[in-house]
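Q: Below is the sequence, then the predicted model.
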Amino acid sequence: MGEPTLMALTEETKQEIQQAYRDVLAGKDIRARYGQRLMIAEIARYMGDITEDDGKRTSAPATCVVEAGTGTGKTLAYLIAAIPVARALGKTLVISTATVALQDQIVLKDLPDLKKHSRLNFNWTLAKGRGRYLCVSRLEARLHDEGHGDSDTMPLFLLDKPMDDEAASQAIFERMLSSYGSREWDGDRDHWPEQIPDDIWRQVTTDHRQCTNRHCAYFDSCAFFDARKDLDEADVVVANHDLVLADLALGGGAILPEPENALYIFDEAHHLPDKALNHFAASVPINATRQWLKQLAQALTKIQPWLPAGSQPARTVEKISTAGRDLDLALGRVYEDVEQNTDWDFNEERRSAQWRYPEGELPEALAELAGDTRVMTAGLVRQLGALVDDLQTAFDERKESDLDRETAESWYPVIGAFHSRAEEQLRLWTAWCEGVNEPEKTADDAPAKPTRKGPAPARWAVRQRWEHSEDITLYSSPVLADNLLYARLWSRAHGAVLTSATLTALGRFDRLKSRAGLPEASRYMVVPSSFRYGDMATVEVPNMPVMPTDDGFGDALIQRLPDLWAEGKATLVLFTSRRQMQQVRDALSPKYPELIRTQDDMAKNEVLRQHCDRIDQGKPSVLFGVASFAEGIDLPGKYLHHVIITRLPFSVPDDPIEASLAEWVTQRGGNPFMEITVPDASVKLVQAVGRLLRTEQDTGRVTILDRRIITRRYGQLLLDALPPFRRLIEP
């Protein structure tokens, strides 16, 4: 094996990057930005410093973290820096975003712009999960089976509820087949001319558990695998965080390039830790699962006539049937225990109650029942997997099989779906049993409190009541995504850049480091903004008669808001509580007809369109929103002059993952409020304030109605973390 080589930035690659930047500036007639130049240089340097031997990374895992505020032009910066280096290294550049809007912008605008205005030679594609593509096999089955839901010949009806309007669905399915067959449509859900309802689409798409891949009669004309061909040949693949995490959960390289052969850019990277937690969380609704087991029993009854008596598949079906009955009894015992031995405190408005198990520790009896249920679920997964294998064997003409191909094609998607669902269930029971009531032994063989580097997983239960039924759902989630992301991503990736406008909290990267498990050798940069904040905007804290924690705060908002929005045309009012937003809206809307729109009134894009239309007509408009409007909207220029923040965005105290993290920090002698709550609030506050200035020409004001920002010790930290607007604070 040769000596590791330092790729470094060759003079040729440096020239290519510099020339591309000059060409784009000239072609688009825009001026260079200092922060953008810094970002290009830092990313190129980081990627050039990765050592490799025979195409494999030999340097320690490391990431490059760049906080770049609005107006930096960060998308252009990372594209210009990374594309030439990735091509020189022979790696695929994978760009991952948190939102579809940014994904579309990169694919439809930024990459074509760069190609048009530079001499860089590259191609790109958009990567989507299998569930965004048509499955021709399922579509054919639907058309064959339409109107014959009780037929024994086609079991796909077991996967979905029958359609209310079969004639309408038949017409859509026929249009799909015709359009796909004539190549007018490529099978991508997002390219269909109209919105396809979820209940229709579910019936004609598939997942990796139900897909027979090369054994499918339609493999050569498969929309998903056609799209994969583009992906294998692309220099740049644009994906999203969920797809990257799904690929990593499958081992990496199942959907996207293998991490070892990829250079990643994570845009909107502040979302990545929470996305990872969601992805690796697990849940089981107990009564709904027992209903699902009844559906499984129904499917087993239907499949039996198709299996030769005494054959291996027939024996497997009997084992599945027994395993299902055993699991049903085990679930009943778990439900009874959790229902009777939990101190439920019902929220009557939501008709639900939540219970978190402190330190993730289950009561002894429940831990034992969870262990039994895990064994039962594992048995069901094993037997369903055996039946899936039997069905798969029937596709291979070189192997002997007890089943004919037609039976296998009919039943493989159904049994695959049950197998996938059972595996999801097993994730919860495995997580609930991991390390429960298994203390380590001391030297004298006495039990000792288990020691762990990180927090125990959060485990909790939610009980919900409806008009005629109720259910208890059990949950488990990692509390930090650090180990997950390090093991599956950072330690394997050839390289990774994380960027966003908000990666620091209170001016430091500590929060991101701990939550994302970033490697020790990572490098960090805050890019200076091109905005002249002091000239462009003010941050104001007016006098308020009550604090947000007081009962009369909602009434105070109703009194104060009209005076605040009277001075401007375009206003965004941000709330931390949907209930308070609705209370204020209900009180003020009758007095100000047509003026106020809330994010709950209609689809987000429609709310924003109506707001902009009013501004274009010279009329004032006020938007009311909660968390997603505090980050996910872009209203440049005249469309937003005033952001009003009603309350500091502290986390909801009953979030079980946050509560478990706080518990762990307390055990280590820390202060959860200062270590978790305040930094989290700082990030959200900076994002909310960031709605105001979107271009270098924008001006406006931010008003904060929560006086805690000046009366509490932590308030100064939050204020100092905001951009350096002129401050106007009433005594």
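A: Perfect, I can see it now.

Q: Which is the succeeding secondary structure element to the host helix or strand of residue 390?
A: Assigned by DSSP states H and E, residue 390 belongs to helix 364-393. Next along the chain after helix 364-393, taking DSSP H and E as the criterion, comes helix 405-433.

Q: Which neighbouring elements make contact with that next one?
A: When contacts are defined as 3 or more Cβ pairs under 8 Å, 6 or more residues apart in numbering; DSSP states H and E, helix 405-433 packs onto helix 136-145, strand 282-285, helix 286-303, helix 364-393, strand 470-477. The C-beta positions use only the backbone N, C-alpha and C, and glycine is treated the same way.

Q: can I get those in CSV with mean pLDDT?
A: Output for these, formatted as CSV (pLDDT from 0 to 100):
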stretch, mean pLDDT
helix 136-145, 79
strand 282-285, 96
helix 286-303, 94
helix 364-393, 95
strand 470-477, 96
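
Q: Output the ones you listed in TSV, with distance to residue 602 appended to each entry.
A: As requested, these are exported to TSV (distance: least, Cβ to Cβ, whole Å):
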stretch	distance to residue 602
helix 136-145	32
strand 282-285	30
helix 286-303	31
helix 364-393	42
strand 470-477	30
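
Q: And for residue 434, nearest residue in space, chain neighbours not counted?
A: residue 457 (7.1 Å; Cβ to Cβ, 6 or more residues apart in numbering).

Q: same question, residue 334
A: Nearest non-adjacent residue to residue 334 (Cβ to Cβ, 6+ apart): residue 369, at 5.0 Å.

Q: who's in contact with residue 243?
A: 96, 127-129, 255-256 (Cβ atoms under 8 Å, 6 or more residues apart in numbering).

Q: any chance of the helices and strands packed on helix 405-433 in TSV, with mean neighbour count and distance to residue 108 too?
A: Shown next, in TSV, are the helices and strands packed on helix 405-433 (neighbours: other Cβ atoms under 10 Å; distance: least, Cβ to Cβ, whole Å):
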stretch	mean neighbour count	distance to residue 108
helix 136-145	19	27
strand 282-285	18	36
helix 286-303	17	40
helix 364-393	19	39
strand 470-477	20	35
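
Q: Where does pLDDT dip in this structure?
A: The chain contains residues with pLDDT under 70 at 1-8, 145-167, 397-398, 436-453.

Q: And residue 38, how far from residue 71?
A: 14 Å (Cβ to Cβ, to the nearest Å).

Q: can I assume the residue nearest to residue 334 is in contact with residue 330?
A: Yes. The pair residue 369 / residue 330 is scored as a contact, 7.2 Å apart, by Cβ atoms under 8 Å.

Q: Disregarding flanking residues, what is the spatial nearest neighbour of the one residue sitting closest to the centre of the chain?
A: By Cα atoms, centre = their mean, the chain has its centre lying nearest to residue 275, at 4.2 Å. Ranked by Cβ to Cβ, 6+ apart and with sequence neighbours excluded, the top spatial neighbour of residue 275 is residue 241, at 4.5 Å.

Q: which residues touch residue 407?
A: Residue 407 neighbours (Cβ under 8 Å, 6+ apart): 306-307, 391, 394.

Q: where exactly do the helices run in the stretch 1-150 of the chain?
A: 11-28, 34-48, 74-89, 100-105, 111-117, 136-145 (DSSP state H, counting those that start in this stretch).

Q: need those in TSV with distance to residue 337, can you?
A: Shown next, in TSV, are the helices of the stretch 1-150 of the chain (distance: least, Cβ to Cβ, whole Å):
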stretch	distance to residue 337
helix 11-28	62
helix 34-48	53
helix 74-89	52
helix 100-105	42
helix 111-117	55
helix 136-145	40
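
Q: out of those, nearest to residue 679?
A: Among those, the nearest to residue 679 by Cβ to Cβ is helix 74-89 (22.4 Å).

Q: Let's see the closest one as CSV, backbone CA atoms only.
A: C-alpha atoms of helix 74-89 as CSV (Å, rounded to 0.1, in the frame of the first residue of the first chain):
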residue,chain,number,x,y,z
LYS,A,74,-23.8,31.0,0.5
THR,A,75,-25.3,28.6,-2.1
LEU,A,76,-23.1,30.1,-4.9
ALA,A,77,-20.1,30.0,-2.5
TYR,A,78,-20.3,26.4,-1.7
LEU,A,79,-21.1,25.3,-5.3
ILE,A,80,-18.1,27.2,-6.8
ALA,A,81,-15.8,25.9,-4.1
ALA,A,82,-16.9,22.3,-3.9
ILE,A,83,-17.7,21.3,-7.5
PRO,A,84,-14.1,21.6,-8.9
VAL,A,85,-12.6,20.0,-5.8
ALA,A,86,-15.1,17.1,-5.8
ARG,A,87,-14.3,16.4,-9.5
ALA,A,88,-10.6,16.5,-8.8
LEU,A,89,-11.0,14.0,-5.9
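
Q: Show me what that helix packs onto, helices and strands only.
A: Secondary-structure packing of helix 74-89 (3+ Cβ pairs under 8 Å, 6+ apart): helix 11-28, helix 34-48, strand 63-68, strand 92-97, helix 111-117, strand 236-240, strand 262-267, strand 495-500.

Q: quick check: domain ranges of this protein?
A: 5-123+234-277+483-527, 133-222, 284-463, 533-729 (automatic domain parsing).

Q: Straight-line length of the shortest one, end to end?
A: According to Cα to Cα, to the nearest Å, domain 133-222 extends 9 Å from its N-terminal end residue to its C-terminal end residue.

Q: chain center to it, what's the gap?
A: Chain-centre distance of domain 133-222: 26 Å, with Cα atoms, centre = their mean, to the nearest Å.

Q: tell me the contacts of residue 569?
A: Residue 569 neighbours (Cβ under 8 Å, 6+ apart): 615, 618-621, 638, 641.

Q: Looking at those residues, which are in helices?
A: Taking DSSP state H, the ones among the contacts of residue 569 that sit in helices are residue 615.

Q: By neighbours, which of the contacts of residue 569 wins?
A: residue 621 (24 neighbours; other Cβ atoms under 10 Å).

Q: ok, that residue - contacts?
A: Contacts of residue 621 by Cβ under 8 Å, 6+ apart are 569-571, 595, 597, 610-611, 614-615.

Q: repeat for residue 496
A: Residue 496 touches 63-64, 263-266, 489-490, counting by Cβ under 8 Å, 6+ apart.

Q: Tell me how far it lies from residue 169.
A: 44 Å.

Q: Likewise for residue 68?
A: 47 Å.

Q: ok, those two, which is more surrounded?
A: residue 68 (24 against 21).

Q: rewinding a little: out of the contacts of residue 496, which is nearest to residue 299?
A: Distances from residue 299 to those, taken by Cβ to Cβ, are shortest for residue 489, at 37.3 Å.

Q: quick one: the closest one is in a strand?
A: No. Counting by DSSP: H, G, I helix; E, B strand; the rest coil, residue 489 is not found in a strand; it is helix.

Q: Number of residues surrounding it?
A: Residue 489 has 25 neighbouring residues, counting by other Cβ under 10 Å.

Q: what's it in contact with, if anything?
A: Counting by Cβ under 8 Å, 6+ apart, residue 489 makes contact with 244, 248, 259, 264, 496.

Q: For the closest residue to the second one other than its chain neighbours, give its distance to residue 279.
A: On the basis of Cβ to Cβ, 6+ apart, the spatially nearest residue to residue 248 that is not a chain neighbour turns out to be residue 488, at 4.4 Å. Distance of residue 488 to residue 279, given as Cβ to Cβ: 10 Å.

Q: now do residue 175
A: From residue 175 to residue 279 the distance is 35 Å (Cβ to Cβ).

Q: what about the two, which has more around it?
A: residue 279 (18 against 15).

Q: pretty sure the more buried one contacts residue 242?
A: Yes. Applying Cβ under 8 Å, one finds residue 279 in contact with residue 242, separated by 7.0 Å.
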